[in-house]
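Chemist: Just the structure for this:
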Amino acid sequence: MKKVKATAIITILFLLFGMLSVQQPVEAKAGVRLSVKNKTVTAGKSFKLKVKNADKKATYKVSKKGIVKLIQKKKHSVTVKGLKKGTVKITVKVGKKKLTCKVKVLAKKKSKKTGSDKSNVPPAPSASNSGTATTEPQTEPKKETPTEEPPTVSGQPEAPSENEGNLTYAGSVSQEMCKASYWIAKSTNPDKVLLSKSEIKKLNQDILDTPNTNMYDLANMDTTFNAVSLRNSLAQMSTPSGCNFANGVQMPDKEAYYEAMRKNIMDADVSESDTIRYALCVKRANHKSWPTSDCIGNSASDTDDELQSSAVVVNEPVVVKLITADGKFSYAVSSNCTGWVETECLAFCASKEEWLEAWQSEGEDFLVVTTDKITLEPSYIESATSKVELSLGCRLNLVPKSEMPDSIGERGTWNNYVVYLPTRDEKGNYVKKPALISQHYSVSIGYLPLTERSLLNVAFSCLGNRYGWGGMLESMDCSLYTRSIYRCCGLELPRNTTWQTAIPTQNYDVSAMSRTEKKELLDQMPAGALLMFNGHIMMYIGKDHGNYYVISDLGTVYDEENTSDSLKNIYSVVINTLDVRRGATAPDGSRTWLSHLIWFICPWAVK
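Modeler: Model prediction:
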């Protein structure tokens, strides 16, 4: 009996041990999945395949060779590039868990002729504005400009370099998408002129005449005004709430700090019948609500200058109405902003005619900076023009050949554009001096034609540049960025996001639309349309594999694929889809940018 009992016990232990030793399916961390399970891609194009919620390194295997190529392999992601027509299965192994993604590669599309005259203005979304007439854009001969990128023979974007270094992107963005040519190739007619020069000129005047755009007609401003009244009004401004840190250091006496600025204003020498003064900006300057050069924040780590309103670029005209008692700050009116500018950044013209001649012209005897920025070459001899920074959209008169010097300082003029640059003498008076801009820079002689190609090329010239609230840090914020892009084509947009929605063109209030309705309207929008929600404006660049892409100068965002909900501090010009998220929730319960959009703006669609 004891022997039988012992045998039974041994048998049971053996069975238990066998059950435990049988290989069971082992799953990786709960929730481990691929960002894409099925994907269709055209040969020559790429997409990013990510492993979500994984804590172990992923390995990748392709079922067939030659159809796709895996590049830029990382711990939890890989870029998949289509090579030729076919279907493959990509197996991703994470620990002992296997995940698969089926990829179908389509053959390259043949280049299509773009002879159609398809309108670039989508129909009105509702009966409330369906009767609004739009002006049919006039087509002008294609103008060759240094910023235009020639289309590839196949009509497809350039193949990206396989070596991306350590570049990172927003979710659903690939390296090839970071070229303007990628989105230009998607347009049915990228060189169609959306507005002619005469139409742009008229629209600029209409924008000036529209009150809610808050633009200023400098050339027709009253020449005399009550400076005493203006001085008293500025000196009586209340102390702003917060704003008690200067350059990252807390003010020992906040009231004394602002009172000193008020006194500097009150002691200004003015009369009840003063005459405005005409000036030009000689170097990029901050436009601020108080006369100070300090960066004012609400905390030691505040990244925004709370007193910053805008920025004034080289050769931009302003009207000066007041100068502080110490002479260091001028109360200036630009075309889109009022505020204080450091006086040393301005050169005062002897007459209105001299001032107008520097920045107004009917022909094409001027140059426009169509890249993010140009820094002039240093010089010991010509210190006034040495290392001057020219910002996007900056306009300078060309030196006529009859006035062309043999040399400028120590340099000849070969392979350089020769322009007149505004400079300031020891008394602050305007002196125009010739300066050289190297031929390799992206510039346009005359304004760029207002086309999708122009807008995309200019926008992408700033990709990756830092964000600067109100134009601080010699940078741009979201609305200054969109304004500067259109400025290269001669169109003067207002300064702020809400002001830009007020321009008298075909704009769409989409605040009450569903996500589906917004997508349907987006499908009709060409690249260059501006999309806006409260606090941010962006430029639409196109649709790819069902995703809608924009480029903008943004501060913070939640990535579309960031399941941890951690806020990303971007502070750069970047590309992303409208599926990235905000912290706030839209009326439909979603947090995506698409759900939050309230305005689509078509700056070329004149009512």
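Chemist: Rounded mean pLDDT for stretch 415-430, please.
Modeler: Taken as a whole, stretch 415-430 has an average pLDDT of 97.
Chemist: For that stretch, give me every contacting residue.
Modeler: Applying CB atoms under 8 Å, 6 or more residues apart in numbering, the contact partners of stretch 415-430 are 279-282, 314-315, 343-344, 346-350, 354-355, 358, 367, 376, 384-385, 388, 396-399, 404-405, 408, 431-439, 443. For every residue, glycine as well, the C-beta is placed using N, CA and C.
Chemist: So which of these are in helices?
Modeler: 354, 355, 358 (DSSP state H).
Chemist: By neighbours, which of those residues wins?
Modeler: residue 355 (24 neighbours; other CB atoms under 10 Å).
Chemist: pretty sure it contacts residue 317?
Modeler: Yes: with contacts counted by CB atoms under 8 Å, residue 355 reaches residue 317, the gap being 6.3 Å.
Chemist: Let me have the ones in helices among the contacts of stretch 415-430 in CSV, extended by pLDDT.
Modeler: Converted to CSV, the ones in helices among the contacts of stretch 415-430 look like this (pLDDT from 0 to 100):
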residue, pLDDT
354, 97
355, 98
358, 96
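Chemist: could I get those as a markdown table with distance to residue 174?
Modeler: A markdown table is the format used below for those (distance: CB to CB, whole Å):
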| residue | distance to residue 174 |
| --- | --- |
| 354 | 51 |
| 355 | 48 |
| 358 | 44 |
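Chemist: what's the spacing between residue 46 and residue 181?
Modeler: Going from residue 46 to residue 181 by CB to CB, to the nearest Å gives 15 Å.
Chemist: now swap in residue 573 and tell me
Modeler: For residue 573, the distance to residue 181 - CB to CB - is 17 Å.
Chemist: if you count what's nearby, which of these two comes out ahead?
Modeler: residue 573 (23 against 20).
Chemist: Now that one: which helix or strand?
Modeler: Assessed by DSSP states H and E, residue 573 sits inside strand 568-577.
Chemist: Identify each buried residue in that strand, please.
Modeler: Of the residues in strand 568-577, 570, 571, 572, 573, 574, 575, 576, 577 count as buried by neighbour count, 16 or more other CB atoms under 10 Å.
Chemist: quick one: which two of those residues are the most distant?
Modeler: Within the buried residues of strand 568-577, two members stand farthest from each other by CB to CB: 571 and 577, at 19.2 Å.
Chemist: Burial check on residue 397, number of neighbours?
Modeler: Neighbours of residue 397 (other CB under 10 Å): 19.
Chemist: and it, what are its bridge partners?
Modeler: Counting by DSSP bridges, residue 397 forms beta bridges with residue 366.
Chemist: which residues touch it?
Modeler: Taking CB under 8 Å, 6+ apart, one finds 357, 358, 361, 365, 366, 367, 419, 420 in contact with residue 397.
Chemist: just residue 601 next, same as before
Modeler: Counting by CB under 8 Å, 6+ apart, residue 601 has contacts 500, 501, 503, 505, 507, 508, 529, 530, 531, 532.
Chemist: how would you label it: helix, strand or coil?
Modeler: Three-state assignment for residue 601 (DSSP: H, G, I helix; E, B strand; the rest coil): strand.
Chemist: I figured residue 550 was touching residue 578, is that so?
Modeler: Yes: here residue 550 reaches residue 578: they are 6.4 Å apart, a contact under CB under 8 Å.
Chemist: which of these two has more neighbours?
Modeler: residue 550 (25 against 22).
Chemist: mind checking which helix or strand the more buried one is in?
Modeler: Going by DSSP H and E, residue 550 is in strand 547-557.
Chemist: list the buried ones in that strand?
Modeler: Neighbour-count burial for strand 547-557 [16+ other CB under 10 Å]: 547, 548, 549, 550, 551, 552, 553, 554, 555, 557.
Chemist: cool, and stretch 393-410?
Modeler: 393, 394, 395, 396, 397, 398, 399, 408, 409.
Chemist: Excluding residues flanking it in the chain, which one is nearest the first one?
Modeler: Using CB to CB, 6 or more residues apart in numbering and skipping residues adjacent in sequence, the residue nearest residue 393 is residue 487, 3.6 Å away.
Chemist: quick revisit: among the buried residues of stretch 393-410, find me the one that's closest to residue 291.
Modeler: residue 394 (25.0 Å).
Chemist: pLDDT value on that closest one, please?
Modeler: We have a pLDDT of 98 for residue 394.
Chemist: Tell me, how many residues neighbour the nearest residue to it once chain neighbours are set aside?
Modeler: In space, and not counting its chain neighbours, residue 394 is closest to residue 369: 4.4 Å by CB to CB, 6+ apart. Neighbourhood size, residue 369 [other CB under 10 Å]: 27.
Chemist: same deal with residue 413?
Modeler: As a burial measure, residue 413 scores 15 neighbours (other CB under 10 Å).
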